[in-house]
Every structure is written in C-alpha cells, then in structure tokens.
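Engineer: Fold the following for me, if possible:
(one chain, ligands or ions: 1)
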Amino acid sequence: MNIDSLIRENVKKLNPYSSARDEFEQFTRQMIYLDANENPFTNGINRYPDPQQKDLKAIIAAKKEIYSENILLGNGSDEVLDLIFRAFCESNRDNIITLPPTYGMYGVLANINAIENREVILNDEFQPNVDAILNAVDANTKIIFLCSPNNPTGNSFSDESIIRILNNFNGLVVLDEAYIDFSEHKSWLNELNDFPNLIITQTLSKAYAMAGLRIGILYASKPIIAVLNKIKPPYNVNILSQETAEKKLLQSTLKAQVRKILVEKEKLIVALKSTKFIEKIFPSDANFILVKVDDANFRYQQFLENGVVVRNRSNQPLCENCLRITIGNKEENERVIELFKSINNG
Ligand code: PMP
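Structural biologist: Next comes the predicted model:
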C-alpha cells in the first residue's frame with residue numbers, strides 16, 4: 001500500500017506553516033521567549049500550546065500501548081476526520097463510502113469538502129454489506145468509513161467484514177471507535193501495524209467524560225500521521241484542554257464510570273422490555289440504546305414535555321420510528337424509567 005499515491009497533489013507539494021514553537025522545541029521556563037509575539041506576563045495561558053501535544057500524547061501512548069509517533073490529536077474527532085478529507089480527497093473528483101445509518105458527520109464533511117458520498121446501507125442486522133461496498137468502489141474512492149460500535153445503531157461490526165474490507169480496498173479505511181470503551185469487543189489498535197491503510201479514531205468525549213475539552217485521537221501509520229501533521233492548524237489543541245486531559249487521564253476514573261453506566265444500561269433495558277410502546281430494543285455495545293417505538297415523533301415530544309431529551313433517528317434508513325437514548329447517571333435513569341412506567345400505565 002503506497003500512502004503517498006493517495007495524497008492530494010497540492011498537499012504533497014505543500015510547504016507547511018512553521019510556527020515559532022515548532023522551530024524552537026525545547027520550551028523551558030528559563031529561556032526568554034521573544035519569538036511568538038506573546039504577552040510576557042505569566043498567567044498560565046499567555047504562551048501558545050505545544051503544537052505536537054507531546055506530554056498528552058505520551059500519556060495516551062502509555063495507556064494504549066502504542067507509540068506517540070502513531071498518534072495525531074485534534075479539536076475533537078470531528079477535526080481529525082476533517083483533516084483526513086483535506087489531506088486525501090480531491091474536491092469534485094474523489095468519493096468516499098459511508099454505511100448509513102451511521103454518524104452524520106462523515107457525510108457532512110464530504111459535502112463541505114465537495115466529495116461525493118456513496119452510501120451503502122447496512123444490512124438488516126446493521127452489519128456492512130461487504131460485497132455491495134466493494135462494488136461501489138472505483139478508482140476515485142479514497143476512504144471507507146466504518147463506525148464500530150456504530151452510532152446510532154449501537155452494535156459492533158463483525159471482525160470478518162472489517163478484515164474483508166481492509167484486505168480488498170486499496171484506499172484508506174477509517175474505523176471510528178468513539179464508543180469502544182463501552183464495548184466488550186477489542187479495539188483494532190493492535191492491528192494497526194498489519195494494515196498501513198487503517199486509520200482508527202477515538203475520542204475523550206464519551207467514556208473518558210471530557211466532551212467539553214474537545215480532544216479527538218487518531219491512530220495510524222507514520223506516513224499518514226506525517227501528512228496530517230503537515231496540514232493541521234499549528235495550535236489545534238489549546239493549553240487548558242491539554243493540561244486538563246493530562247491530569248484527568250492520570251486520575252483514571254474510566255473503568256469505574258463505564259461499569260456504572262453499563263449497570264444503568266441493563267436496568268434501562270429491563271424497564272424498556274415491559275414498556276408497551278417500545279416495539280424493539282436493538283443490542284448495544286455503546287452508552288446508548290436504539291429503540292423502535294410505536295410513533296417516534298409523538299414519543300419524542302411526549303418525553304420532551306416531561307423534561308427528557310432523546311434523539312429522534314427516524315429519518316435515517318432502517319431506523320423508522322427509532323429513538324436513541326443515552327444512558328444517564330443513576331438518578332437520571334431512575335427518573336426516565338419512572339416516566340416510561342407512567343406513560344405505559346397512563
Ligand atoms: N464519532 C462518533 C461515532 C460520534 O458519535 C461522535 C460524537 N457524537 C464523534 C465521532 C465526535 O466526537 P468528538 O466529540 O471527539 O468530536
């Protein structure tokens with residue numbers, strides 16, 4: 001797999017912006033910094049952040065047992081996803097493949113970047129239609145987006161279908177693992193070395209409880225990281241986000257919180273099973289459940305009037321009358337279960 005051949009021509013030729021902090025890396029407090037036109041009065045945020053987020057990457061690398069050189073961080077995974085488009089997809093020529101029902105941003109980013117989005121709907125079990133996906137590929141197909149566990153369906157894609165796509169596609173496969181920490185399935189991170197065309201994205205927004213910081217993580221082979229580094233905005237992760245994430249990752253509340261969320265998920269599933277207006281509960285490896293109800297618009301409005309906001313996914317293919325419910329904390333969950341009971345009996 002020659003990654004170079006996938007890169008946009010203008011990006012290949014690009015001379016990247018070199019920031020003051022890129023040029024002088026050994027940032028220590030003792031030096032006099034007159035290179036970046038900053039205000040010299042120290043307040044914790046008067047200096048530009050580390051463009052390569054070295055300390056934060058080192059913590060993530062140790063946790064995930066991977067090299068920092070295989071990591072790129074962004075302002076949420078939404079930014080790293082956009083960088084992939086901008087590095088590899090030629091506007092008004094290339095195409096990508098997405099598998100609805102899935103995370104809407106892939107299609108939005110395709111539109112923003114003037115890239116055709118070829119949609120190959122999942123099968124009835126919400127698994128990829130691998131033959132149809134491979135049939136949809138042409139010489140200008142640059143990326144196939146897989147989301148596992150998938151949003152909004154909640155299920156994981158089978159290993160066989162992911163392997164078949166990786167082995168039979170000569171472009172990039174982006175595997176979005178935003179919800180992997182809620183799942184019993186293994187991350188594909190250990191497989192990164194075997195597949196130079198595999199890009200894995202994760203986020204601190206979900207299980208790691210830091211959605212407000214906006215930190216997305218991309219893992220890939222070094223040539224992919226190198227080209228993305230070339231085009232990313234120099235200071236794309238701010239200093240407060242970097243420092244807060246470092247602190248919080250070292251405290252590590254992840255496992256305990258995930259366990260609690262999964263306990264609440266089971267309680268909610270039990271309650272949903274005895275709720276008449278719930279027609280189907282789809283299996284979920286994530287921190288949300290997709291349910292089919294009798295009338296999604298009506299139920300959505302009814303929950304809203306009772307102070308509960310869920311996501312109406314009815315307009316997505318295969319999701320007619322489906323609502324996506326995030327798992328809240330114990331108190332929130334109890335209130336939701338009470339609400340469902342009272343609607344059920346009312
Ligand atoms: N991928 C998936 C599948 C998501 O559901 C979301 C957020 N809803 C994201 C990525 C974006 O995450 P971030 O907060 O890191 O931008």
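
Engineer: next SSE after the helix or strand where residue 243 lies?
Structural biologist: Using DSSP states H and E, residue 243 sits within helix 239-251. Per DSSP H and E, the first helix or strand lying C-terminal to helix 239-251 is helix 254-273.

Engineer: who does the following helix or strand past that following helix touch, helix- and strand-wise?
Structural biologist: Next helix or strand after helix 254-273 toward the C-terminus (DSSP H and E): strand 278-281. Strand 278-281 is packed against helix 254-273, strand 288-293, with contacts defined by 3 or more Cβ pairs under 8 Å, 6 or more residues apart in numbering; DSSP states H and E. Every C-beta, even on glycine, is put in place using the N, C-alpha and C of the backbone.

Engineer: Please list the outside residues in contact with strand 278-281.
Structural biologist: For strand 278-281, contacts defined as Cβ atoms under 8 Å, 6 or more residues apart in numbering pick out 269, 272, 273, 289, 290, 291, 292, 293, 294, 321, 340.

Engineer: what do you get for stretch 111-120?
Structural biologist: Contacts of stretch 111-120 (Cβ under 8 Å, 6+ apart): 82, 85-86, 89, 91-92, 94-100, 106-107, 109-110, 128-129, 132-133, 136, 141-142.

Engineer: And this protein, what are its domain boundaries?
Structural biologist: Here the domain assignment for the chain is 3-15+48-251, 254-345, based on automatic domain parsing.

Engineer: Quick one: mean pLDDT over the longest one.
Structural biologist: Per-residue pLDDT values across domain 3-15+48-251 average out to 97.

Engineer: end to end, how far does it reach?
Structural biologist: 37 Å (Cα to Cα, to the nearest Å).

Engineer: Same check on stretch 89-108?
Structural biologist: Using Cα to Cα, the two ends of stretch 89-108 sit 14 Å apart.

Engineer: List the buried residues of it.
Structural biologist: 89-90, 94-103, 105-107 (16 or more other Cβ atoms under 10 Å).

Engineer: tell me, how many neighbours does the closest residue to the ligand within the stretch 1-150 of the chain end up with?
Structural biologist: Across the stretch 1-150 of the chain, the shortest distance to the ligand (Cβ to the nearest ligand atom) belongs to residue 76, at 2.9 Å. Neighbour count for residue 76, taken as other Cβ atoms under 10 Å: 21.

Engineer: Tell me who's in contact with it.
Structural biologist: 203, 205, 214, 215, 216.

Engineer: so which of these is the most crowded?
Structural biologist: Counting neighbours by other Cβ under 10 Å, the top entry in the contacts of residue 76 is residue 215, with 29 neighbours.

Engineer: That one touches residue 204, doesn't it?
Structural biologist: Yes. With contacts counted by Cβ atoms under 8 Å, residue 215 reaches residue 204, the gap being 4.3 Å.

Engineer: what touches both of the two?
Structural biologist: residue 245.

Engineer: buried ones in stretch 113-124?
Structural biologist: Neighbour-count burial for stretch 113-124 [16+ other Cβ under 10 Å]: 113, 115, 117, 118, 120, 121, 122.

Engineer: One more: stretch 292-312?
Structural biologist: Neighbour counts over stretch 292-312 (16+ other Cβ under 10 Å) mark 292, 293, 296, 299, 300, 303, 308, 310, 312 as buried.

Engineer: and that stretch, what's its mean pLDDT?
Structural biologist: Stretch 292-312 shows a mean pLDDT of 97.

Engineer: Pull the residues that contact that stretch.
Structural biologist: Contacts with stretch 292-312, where a contact means Cβ under 8 Å, 6+ apart, come from 152, 277-280, 282, 313-314, 320-326, 335-336, 339, 343.

Engineer: try stretch 314-325
Structural biologist: 100-101, 121-122, 124, 126, 151-154, 268, 279, 288-297, 299-300, 310-313, 336.

Engineer: what separates it from the chain centre, distance-wise?
Structural biologist: Centroid displacement of stretch 314-325 relative to its chain, using Cα atoms, centre = their mean, to the nearest Å, is 20 Å.

Engineer: How about stretch 60-78?
Structural biologist: Relative to its parent chain, stretch 60-78 has a centroid offset of 13 Å by Cα atoms, centre = their mean.

Engineer: Please export the C-alpha coordinates of that stretch as CSV.
Structural biologist: Output of stretch 60-78 as CSV, limited to C-alpha atoms (Å, rounded to 0.1, in the frame of the first residue of the first chain):
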residue,chain,number,x,y,z
ILE,A,60,-2.2,8.3,25.8
ALA,A,61,0.6,6.2,24.2
ALA,A,62,1.4,4.6,27.5
LYS,A,63,-2.3,3.9,28.2
LYS,A,64,-3.0,2.4,24.8
GLU,A,65,0.4,0.7,24.5
ILE,A,66,1.2,2.4,21.2
TYR,A,67,3.9,4.8,20.0
SER,A,68,3.4,8.6,20.2
GLU,A,69,4.5,8.7,16.6
ASN,A,70,1.4,6.9,15.6
ILE,A,71,-0.9,9.5,17.2
LEU,A,72,-2.5,12.7,16.0
LEU,A,73,-4.7,14.8,18.3
GLY,A,74,-7.3,17.2,17.2
ASN,A,75,-10.0,19.6,18.4
GLY,A,76,-12.5,16.7,18.8
SER,A,77,-12.6,13.7,16.4
ASP,A,78,-14.6,15.9,14.1
